[in-house]
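> below is the structure, and that's it, no one-letter string:
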């Protein structure tokens with residue numbers, strides 16, 4: 001039996017918040033601000049120009065700016081978006097950052113990492129692959145960053161081979177447990193007929209939940225994870241720090257790089273750098289917003 005090892009996470013943005021152009025135009029018309037909407041020199045006009053550039057090219061910084069200006073009706077003049085959102089961050093007025101969200105489809109991370117992520121409740125919402133419904137017979141195993149790094153050192157090649165061997169034994173144990181439980185939970189004659197499908201589904205769940213305890217924490221899991229920008233700043237700053245678990249720190253670095261592209265003005269104060277321990281980390285000037 002040979003298992004597949006995962007060396008890095010896979011992260012894709014599958015959704016993010018955009019301002020609806022028809023809704024923005026209708027709102028401006030209802031409040032007599034059509035002239036401002038069409039004037040590129042006004043903050044409202046700048047938002048309109050961004051919205052009309054297309055949903056995937058528009059910055060998700062736009063809605064937090066809109067929310068902030070909504071509070072003070074500052075549509076006609078004021079700071080540029082970079083200056084406006086920098087002031088928001090530096091003043092710790094983070095509530096307007098709740099309006100924009102980003103959804104990451106994540107794979108290539110371990111179950112142990114997911115348990116760390118799930119501690120972020122406010123503004124960070126996960127949907128995680130179920131080990132009760134999904135048979136892990138073809139599960140991959142995530143190599144911890146430290147083992148991966150040390151395996152490159154002369155004389156340490158055995159580390160990766162030993163890790164793979166232990167994963168193979170864990171997967172074999174998982175499959176053996178399934179066989180035992182499947183034999184004990186064979187359907188009876190009484191379960192035939194209309195109940196067969198329902199009982200079959202329940203039996204499968206019982207078998208998988210009984211066997212999954214044999215899988216180690218490094219077994220891969222997959223998540224859809226949606227965060228608002230305020231929560232995302234917190235996750236990247238906290239989990240990207242030098243003291244964080246190396247696997248979740250690696251994921252926070254990926255998040256940070258993506259968010260610096262999607263929301264450059266909300267994440268203007270973030271930096272990815274090479275830490276003294278040899279791994280990348282995240283630095284943030286204003287971690288509490």
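Sure thing, it's come through. Being a predicted model, the structure only gives us computed values, none of them experimental.
> and residue 140, what are its phi and psi?
phi -100, psi 160 (degrees, to the nearest 10).
> wait, doesn't it sit right on residue 2?
No. Contact between residue 140 and residue 2 fails when scored by Cβ atoms under 8 Å: they sit 11.5 Å apart. C-beta: built from backbone N, CA, C; applies to glycine.
> just want to know which of these two has more residues nearby.
residue 140 (18 against 8; other Cβ atoms under 10 Å).
> strands of the stretch 151-289 of the chain, residue ranges please.
220-228, 270-274, 280-284 (DSSP state E, counting those that start in this stretch).
> how far does the longest helix anywhere in the chain sit from the chain's center?
In the chain, taking DSSP state H as the definition, the longest helix is helix 158-184. The chain centre lies 29 Å from the centre of helix 158-184; the measure is Cα atoms, centre = their mean, to the nearest Å.
> for that helix, buried residues please.
159, 160, 163, 164, 167, 170, 171, 174, 177, 178, 181 (16 or more other Cβ atoms under 10 Å).
> chain neighbours aside, what residue packs nearest to the last one?
Spelled out, it's residue 181. residue 207 (4.6 Å; Cβ to Cβ, 6 or more residues apart in numbering).
> ok, the one you found - contacts?
178, 181, 182, 185 (Cβ atoms under 8 Å, 6 or more residues apart in numbering).
> what's the first-to-last distance across stretch 210-222?
20 Å (Cα to Cα, to the nearest Å).
> same question, stretch 278-289
End to end - Cα to Cα - stretch 278-289 spans 29 Å.
> okay, now the nearest residue to residue 9 once chain neighbours are set aside: neighbour count?
Spatially, and ignoring its direct neighbours in sequence, residue 9 is nearest to residue 108 (4.3 Å; Cβ to Cβ, 6+ apart). Other residues within reach of residue 108 by the criterion other Cβ under 10 Å amount to 17.
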